[in-house]
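Asks: Just a sequence and a predicted model for now, questions to come.
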Amino acid sequence: MSKQTDLNGEAVEEMINDQMLVCLNNGYGTRLNIYKNEMSCIDLTLVDKNIASRCEWTVDESTSIGSDHFPITCQIDIGFKIEQGYIPHRWVFKKADWEKYVELCKEIGSLSIDNEQSIDEINGIVSSSILLAASQSIPISQSFKKQINVPWWNDKCSEAIKDRNRAFKLLGRTLTMDNLISYQRKKAIARKVIKEAKRESWRQFCSSIGKETSLNQVWMMIRKMVGKYKPPHIPVLMKDGINAISDIDKANMLNKAFADIHKGSHLEERFKKRKEEVLKANKNVLNQKEQNMSIMDADFSMSELKRALNNTAYSAPGSDNLCYVMFRKLPDNVLENILSLFNKVWNEGNLPTIWKGATILPFPKPGKDATSPGNYRPIALTSHLGKLMGKTHSSEIKLFLRIYQPSKGISNRI
């Protein structure tokens, strides 16, 4: 504790009394004066009197984080129920045993599919067979990275930080001029090493930028350089005086906000009127089907399916947890089952139930208040099987337009 009393301390004490606050400090030092080798309690932790008895206050001397102030940990037991957040299952394709995956798919995919079965049953058989082979050959990661990795960090940075921390601990045990100079030198070296690592990493990235580099990649690199990291957590949402604290309440509030936007209640009257006219004019469009033996009504072929597969890229899977990467590795006998499913869907005009659903991920809009449900942008993760059928149909339409309407340039806009 400090042995001196000054006007600043008296002002803080008066403020504590007026606001009825409690100081959690227990007399343990929070700062080391490296020139006098003395501990001081310059860092104060003030809380409301109603929660002071539930607080546990400690000082962490295991690290200095490059400062002469020690980190302070304050734990408050206020009886809140901590909910386990959503942790997605992520396939680790870099460690996949693709040879084993192909062999398992050949064995499982050899099962014949009865075309008399319903679309949902066939889709379930195809999906479960692929997932069964994937679960035995592709590892799964179920957690987020706890450590924030920046692209410029290297072994030299780690070693410099360790040397600086060792010098600081030695100075805290024995205050000598040599130890003080050594700590100041190691601290300056660590700062210089980190600065040079940042500069070199940024130069390497800038030298790799070309015409094919998207603006999104540049901004992602900038965020990584400064160590920006957004944990998968949505704060308490507030709307019309109602607070959503639990995950279920947050999901319901976001669902209502997204539904209001989809209804078009925010549109101007002229846009609402136009929307109603279009819906009325195309009321029964999904029920219309003409049998004119056109090439566009023909079944999908294996070449069209493989062409669509070649145009797929990695993206997050839907609720069925199937990915394009798995489809590209499938043997022909399993692709035949997928093709049979697509043609059955195409001829009957019905979609599998799971294709109609989506996993909605809310992302906060940059620079907006994250506590307002209207400031979130929904991203829908749908089944890759359903999207693959859409890509197959799209490639067929493009080919048709190139052959029969080459001069209109419509295919490039699909």
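Replies: Received it, and whenever you're ready, just let me know what you need. Numbers count the residues shown, from 1 in each chain.

Asks: Please count neighbours and contacts with C-alpha atoms only from this point.
Replies: Fine.

Asks: right, and residue 101 touches residue 133 too?
Replies: Yes. Counting by Cα atoms under 8 Å, residue 133 is a contact partner of residue 101 at 5.7 Å.

Asks: where does the stretch 51-200 of the chain dip in pLDDT?
Replies: 63-65, 78-88, 109-112, 142-148 (pLDDT under 70).

Asks: give me that answer again for 80
Replies: Applying pLDDT under 80 to the stretch 51-200 of the chain flags residues 61-68, 77-89, 108-115, 142-149, 172.

Asks: all strands of it, in order?
Replies: For the stretch 51-200 of the chain, strands defined by DSSP state E, counting those that start in this stretch occupy the ranges 55-59, 72-76, 90-91, 140-141.

Asks: wait, which of these is closest to residue 276?
Replies: strand 90-91 (41.8 Å; Cα to Cα).

Asks: So what are the sheet partners of the closest one and their directions?
Replies: Looking at strand 90-91 with DSSP bridges, its partner strands are strand 140-141 (antiparallel).

Asks: Contacts for the partner strand, please.
Replies: Here strand 140-141 makes contact (Cα atoms under 8 Å, 6 or more residues apart in numbering) with 89-92.

Asks: Give the buried subset of the residues you listed as a PyMOL selection command.
Replies: To isolate the buried members of the contacts of strand 140-141 in PyMOL, using 16 or more other Cα atoms under 10 Å:
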select buried, resi 91
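
Asks: of the contacts of strand 140-141, closest to residue 239?
Replies: Nearest to residue 239 among the contacts of strand 140-141, with distances taken as Cα to Cα, is residue 89, at 31.7 Å.

Asks: Could you point out which of the strands of the stretch 51-200 of the chain sits nearest residue 333?
Replies: The nearest among those, by Cα to Cα, is strand 90-91 at 23.4 Å.

Asks: Residues contacting the closest one, please?
Replies: With Cα under 8 Å, 6+ apart, strand 90-91 has contacts from 138-142.

Asks: what's the spacing between it and its chain's center?
Replies: Offset of strand 90-91 from its chain centre (Cα atoms, centre = their mean, to the nearest Å): 13 Å.

Asks: just checking, what packs against the longest helix along the chain?
Replies: What stands out as the longest helix in the chain, according to DSSP state H, is helix 177-208. Applying 3 or more Cα pairs under 8 Å, 6 or more residues apart in numbering; DSSP states H and E, one finds that helix 177-208 contacts helix 155-173.

Asks: tell me what the helix it packs on is packed against?
Replies: helix 177-208.

Asks: Please parse the chain into its domains.
Replies: 7-76, 90-144+234-280+292-413, 155-225 (automatic domain parsing).

Asks: Any idea how many residues pack against residue 62?
Replies: Using other Cα atoms under 10 Å, residue 62 has 10 neighbouring residues.

Asks: Quick check: the gap between residue 168 and residue 94.
Replies: To residue 94, residue 168 is 41 Å away according to Cα to Cα, to the nearest Å.

Asks: again, but for residue 133
Replies: In terms of Cα to Cα, residue 133 sits 16 Å off from residue 94.

Asks: So for these two, which sits in the more crowded spot?
Replies: residue 133 (21 against 9).

Asks: Can you give me every residue that contacts the more buried one?
Replies: 101, 104-105, 108.

Asks: for residue 99, same thing?
Replies: So residue 99 contacts nothing (Cα under 8 Å, 6+ apart).
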